[in-house]
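S.K.: next come a sequence and a model predicted from it.
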Amino acid sequence: MDTFQAPVLPLTLGLVILTWVVYRISRIGRRDVGLPPGPPTLPILGNIHQFPSQYAHLQFTEWARKYGGIMSLKIASQTLIILSSPSPIRALIDKGSGIVERPRIRLVEIALDNMNVALVRDGQIWRKMRRAMQMFLTRGALERYLPIQRAEAVQLMYYDTLKQPENICSHIERATTSVILSVAFGIRSPRKVEDDLVSEFHKTLRMWELLVQPGGHPPIDMIPILEHIPERWASWKTRCQEVKQRQQKLYFGLRDKCQERVNEDRRNGCFIEDLLDQQQKLGLNKELIGYIGGDCLEAGADTTSKYLSSFVLCIASHPEVQRRAQMDIDRVIDSDRVPSIDDIDNLPYVQAIIKEVHRYQPPLPFAIPHETTADELIEGLLIPKGSILFMNIYGLYRNPDFYDAPDQFQPERFMNSEFGTKPGADISTFRSDFHFGGGKRVCIGDQFAQNTIVINVLNLLWAFNFELDDLASRDKTTPLTVKDFAPGLVAGPQPFRCKIHPRSEVHASLIRSEYQQSRAVLRAFEQELTPEDAKFVEEW
Ligand code: HEM
């Protein structure tokens, strides 16, 4: 009689595989033993359901108070590490430069042709772009840019703020973008209208920001198969194409204007003209040169503009800070001249205001993510290879372990200690510039940005009195709240209304005559103005 022989081996093997698959799936979303602590996870999802789509830095900061300066989140099988204390930032990002790089961001490949110095992974393209941009930011080059930074700041005071004080943030956006347009592409933008260069650039940047932020596109980096959904069911792909076309039209068009100037011997000494001269030596092609110019704008214009708008909001809501700064300024600057950048060395309280704005509202509140390329053990906690690191600058700068009254705008704190920290705080791993990121991907425009900031902060404090329209109805000790600042990857104020008056007729007339002198500098970057813009600048 035949007896049934069970296929013991294949069955056992099948069971083992099934158990392994179930085990692996059950691990998805779980926080493994040894990882830094964090909020409880759900199977498969991890912390997806809690991940904020807006104001991520506020949620990161709330979690940091509970779970500490080094904490973790799980997004399915991806580990995110949020660093909100100086020591893990120094250990992982600054010193561990060899084990961190930019994570792969598929959207950058799709929408930006993988040519964005701040967002591409480390590699040949990044090295070429960063090296080229460093040429644009040498000490000698920075000296050469000072006259245009000064001249645009004078226009900001003169035409813009004196004549139309109600649009201060829009004027700041024009001035900071126009400076970078001038030094990078040799073309300035004298006024803001519907379709001018500044508006077109910021519209496209906003489209990109909406696309790249959480919720703006499906999680294609964590679930790559989503990338293959046909475009008719994936509107984000259409938006990627739109961003790409608009950027290329703008950046390549501006680059071609530089080429025409070079060909016709009408150079004005801008950075892209230099790159076109040296393209072979630097191994660049025309496309890369266009994107490098665009990256100068993307990295430098919005950040500096948001910083200066936050500055105005902070001082407009703190009249006592304004008064103290103006008394100092009046002591140092004679009544017959406008400020110069060198005055800052004699104005420690204005220096303290500049530092406090960086602390109070850093323009990139959680910097740009990094990724670990090897397992690391930090403070006894495991940071696995492939973890995405967020440097929570906002959370670090609002940490009550380091700062007294961290939610108050108090420049005085920087008069009392180097980092503005409270007595007894452990500052052994502190540094003064966390707001510019860290490691090998640290910001390379910090000095350029700082020059624009110092020139404008000095001018605006010297020239005008600022007062928030609704100041009387606000809390006297903490007039600003998180709601005064807008969400966004680059963070600045929500629109606000503020009264602005010149401090005296002497100030107003000095501004007018300074503006006349600045025209010579500005004219060098006005070769390609539209007929309407040309008429506009002649009529001033
Ligand atoms: C207030 C103004 C600015 C702030 C707060 C700021 C802050 C930052 C931060 C936090 C990063 C990320 C660093 C990291 O990954 O750890 C960064 C990257 C960068 N910044 Fe700035 N930045 C400012 C202005 C500028 C300007 C004016 C330029 C150039 C004209 C510039 C060029 C860059 C570039 C090229 C990168 C990418 C570096 C890389 O990935 O290799 N930034 N910036």
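M.R.: In hand now; what should we look at? Numbers count the residues shown, from 1 in each chain.

S.K.: tell me the spacing between the residue nearest to residue 257 when sequence neighbours are not counted and residue 275.
M.R.: Counting by C-beta to C-beta, 6 or more residues apart in numbering, residue 528 is the residue found nearest to residue 257 once chain neighbours are left out, at 5.5 Å. C-beta here means a position set from N, CA and C on the backbone, and glycine is covered the same way. Distance of residue 528 to residue 275, computed by C-beta to C-beta, to the nearest Å: 18 Å.

S.K.: more neighbours, these two?
M.R.: The residue with more neighbours, out of residue 528 and residue 275, is residue 275; 23 against 18, by other C-beta atoms under 10 Å.

S.K.: picking up where we left off before, the residue nearest to residue 257 and the ligand, how far apart?
M.R.: When C-beta to the nearest ligand atom, to the nearest Å is the yardstick, residue 528 and the ligand sit 21 Å from each other.

S.K.: do the same with residue 69
M.R.: Distance from residue 69 to the ligand, by C-beta to the nearest ligand atom: 17 Å.

S.K.: the residue nearest to residue 257 touches residue 188, doesn't it?
M.R.: No - contact criterion C-beta atoms under 8 Å: residue 528 and residue 188 do not qualify, at 9.5 Å.

S.K.: now do the SS call for the residue nearest to residue 257.
M.R.: Following DSSP: H, G, I helix; E, B strand; the rest coil, residue 528 is assigned to coil.

S.K.: for residue 389, same thing?
M.R.: With three-state DSSP as the criterion, residue 389 reads strand.

S.K.: ok now do it, which residues does it touch?
M.R.: Neighbouring residues of residue 389 by C-beta atoms under 8 Å, 6 or more residues apart in numbering: 80-81, 83, 92-93, 100, 369-372, 383.

S.K.: repeat that for residue 353.
M.R.: With the criterion set at C-beta under 8 Å, 6+ apart, residue 353 makes contact with 311, 314-315, 321, 325, 411, 457, 461.

S.K.: before we move on, what about residue 449?
M.R.: Going by C-beta under 8 Å, 6+ apart, the list of residues near residue 449 reads 300, 303-304, 307, 443.

S.K.: most surrounded residue in these?
M.R.: The residue in those with the most neighbours, by other C-beta under 10 Å, is residue 307 (28 neighbours).

S.K.: tell me the spacing between the nearest residue to residue 234 once chain neighbours are set aside and the ligand.
M.R.: Distances taken as C-beta to C-beta, 6+ apart place residue 218 nearest to residue 234, at 7.5 Å, with adjacent residues excluded. Relative to the ligand, residue 218 is positioned 25 Å away (C-beta to the nearest ligand atom).

S.K.: Three-state assignment for residue 218, please.
M.R.: For residue 218, the secondary structure call by three-state DSSP comes out as coil.

S.K.: do you know how far it is from residue 61?
M.R.: From residue 218 to residue 61 the distance is 27 Å (C-beta to C-beta).

S.K.: between the two, who's got more neighbours?
M.R.: Using other C-beta under 10 Å as the criterion, residue 218 and residue 61 rank with residue 61 on top: 23 against 13.

S.K.: return the residues in contact with that one.
M.R.: 84, 392, 394-395, 398 are the contacts of residue 61 under C-beta under 8 Å, 6+ apart.

S.K.: and if you look at residue 315?
M.R.: Counted by C-beta under 8 Å, 6+ apart, residue 315 has contacts 321-322, 325, 353, 461, 466.

S.K.: buried ones among the residues you listed?
M.R.: 321-322, 325, 353, 461, 466 (16 or more other C-beta atoms under 10 Å).

S.K.: give the buried residues for the top helix by length along the chain.
M.R.: What stands out as the longest helix in the chain, according to DSSP state H, is helix 286-316. Across helix 286-316, burial judged by 16+ other C-beta under 10 Å covers 288-316.

S.K.: and the ligand, which of these reach it?
M.R.: Restricting these to those touching the ligand (C-beta under 6 Å from any ligand atom) yields 296, 299-300, 303-304, 307.

S.K.: I figured residue 521 was touching residue 148, is that so?
M.R.: Yes - between residue 521 and residue 148 there is a contact under C-beta under 8 Å: 5.9 Å.

S.K.: who has more neighbours, the two?
M.R.: residue 148 (21 against 18).

S.K.: so which strand or helix has the more buried one?
M.R.: helix 139-155 (DSSP states H and E).

S.K.: next, the angle helix 286-316 makes with that helix.
M.R.: Angle, helix 139-155 to helix 286-316, by axes from the mean of the first three to the mean of the last three C-alpha atoms, to 10 degrees: 50 degrees.

S.K.: circling back: contacting residues for the residue nearest to residue 234?
M.R.: Counted by C-beta under 8 Å, 6+ apart, residue 218 has contacts 226, 229, 234, 236.

S.K.: likewise residue 335?
M.R.: residue 506.

S.K.: pLDDT weak spots in this protein?
M.R.: Residue ranges of the chain with pLDDT under 70: 1-6, 20-24, 26, 540.
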